[in-house]
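Chemist: coords please:
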Amino acid sequence: RVSRIYEGSNEMNRLFAFARWLRMLGENDEQRRSRLVNALDLQLEEPAPADPCSHAAGAIRTMTLHCAVNCIANPDKAANQLVLADMSDLLTCLYTADTAAVRAEKCANDSKRGPLAKATALYYTRSAYQRALRISRDVLLALGTDPVKLEAAASVDAVDVGPLVETIAEGTLEADGYPF
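Modeler: Numbering: from 1, shown residues only. Sure thing, here's the model as predicted:
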C-alpha cells in the first residue's frame with residue numbers, strides 16, 4: 001500500500017513539475033513566451049560546444065525550450081496530462097545531461113577519475129539526448145506541430161556507446177579493487 005501511495009505521489013509531481021517551471025518564468029503567458037523565445041534564440045545563436053557532453057546538453061535545452069514555446073502557443077492541447085508529463089520528463093533529461101556534463105568537467109584533470117567520469121557523462125548525456133528527442137517528437141505531434149525543424153536544430157552526432165560501456169565497466173571494477 002505504501003508503494004502505491006508513493007507511486008501516485010510521484011506521478012502527481014511529474015504532472016506539476018512543468019507547470020511550476022513555467023510559473024517561475026513569469027506571471028502570464030506573454031511574459032513566459034517572451035522569456036522562452038529569447039532563451040531559445042540565444043541557444044540557437046550560440047556555436048555548438050566542442051565538448052560532446054555540453055553539445056548534447058545544449059541540444060536537449062533547445063528541444064525543451066522549443067516544446068515549451070509550443071505549449072504556451074497551444075494551451076488547450078498542452079493541458080493534456082500526457083503532454084504535461086512529457087514536458088516534465090524533458091526537464092529531467094535536461095537536468096541529467098547538465099549535471100553529467102558539469103561532473104565530467106570537474107573531474108577532467110583528475111588522471112584517475114577523469115576518463116571514467118568522461119565516459120560516464122557521455123553515456124548519460126547521450127541516453128538523455130535520445131530520450132529527449134523521442135519525448136519532444138511526441139510533445140510536438142500532440143500539439144499539432146511538425147517536429148522536423150526541431151530535429152534539425154537539435155541534432156547531435158551519433159556515438160557508439162559500446163566502448164563507453166566497456167570503459168565504465170573497467171573503471172568501476174578497478175575502483176572496487178578488481179583489476180581488469
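
Chemist: can you pull the buried residues of stretch 95-114?
Modeler: If you call a residue buried by 16 or more other C-beta atoms under 10 Å, then stretch 95-114 has these buried ones: 96, 97, 98, 100, 101, 103, 104, 107, 113. Using the backbone N, CA and C atoms, a C-beta is placed for each residue, glycine as well.

Chemist: Contacts for it next, please.
Modeler: Counting by C-beta atoms under 8 Å, 6 or more residues apart in numbering, stretch 95-114 makes contact with 51, 53-54, 56-57, 60, 116-118, 120-122, 124-125, 127-129, 132, all of which sit outside it.

Chemist: now that stretch: mean pLDDT?
Modeler: Predicted confidence along stretch 95-114 averages 80 (mean pLDDT).

Chemist: export it as CSV, just CAs?
Modeler: The C-alpha trace of stretch 95-114 is given here as CSV (Å, rounded to 0.1, in the frame of the first residue of the first chain):
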residue,chain,number,x,y,z
TYR,A,95,18.9,18.2,-15.6
THR,A,96,20.6,14.8,-16.2
ALA,A,97,22.6,16.0,-19.1
ASP,A,98,23.6,19.3,-17.5
THR,A,99,24.7,17.6,-14.2
ALA,A,100,26.6,14.9,-16.1
ALA,A,101,28.5,17.5,-18.2
VAL,A,102,29.4,19.5,-15.1
ARG,A,103,30.6,16.5,-13.2
ALA,A,104,32.8,15.4,-16.1
GLU,A,105,34.2,18.9,-16.4
LYS,A,106,35.1,18.9,-12.7
CYS,A,107,36.9,15.5,-13.0
ALA,A,108,38.6,16.3,-16.3
ASN,A,109,42.0,17.0,-14.7
ASP,A,110,41.9,14.0,-12.4
SER,A,111,44.1,11.4,-14.0
LYS,A,112,42.5,8.5,-12.1
ARG,A,113,38.8,9.5,-12.2
GLY,A,114,38.8,11.7,-15.3
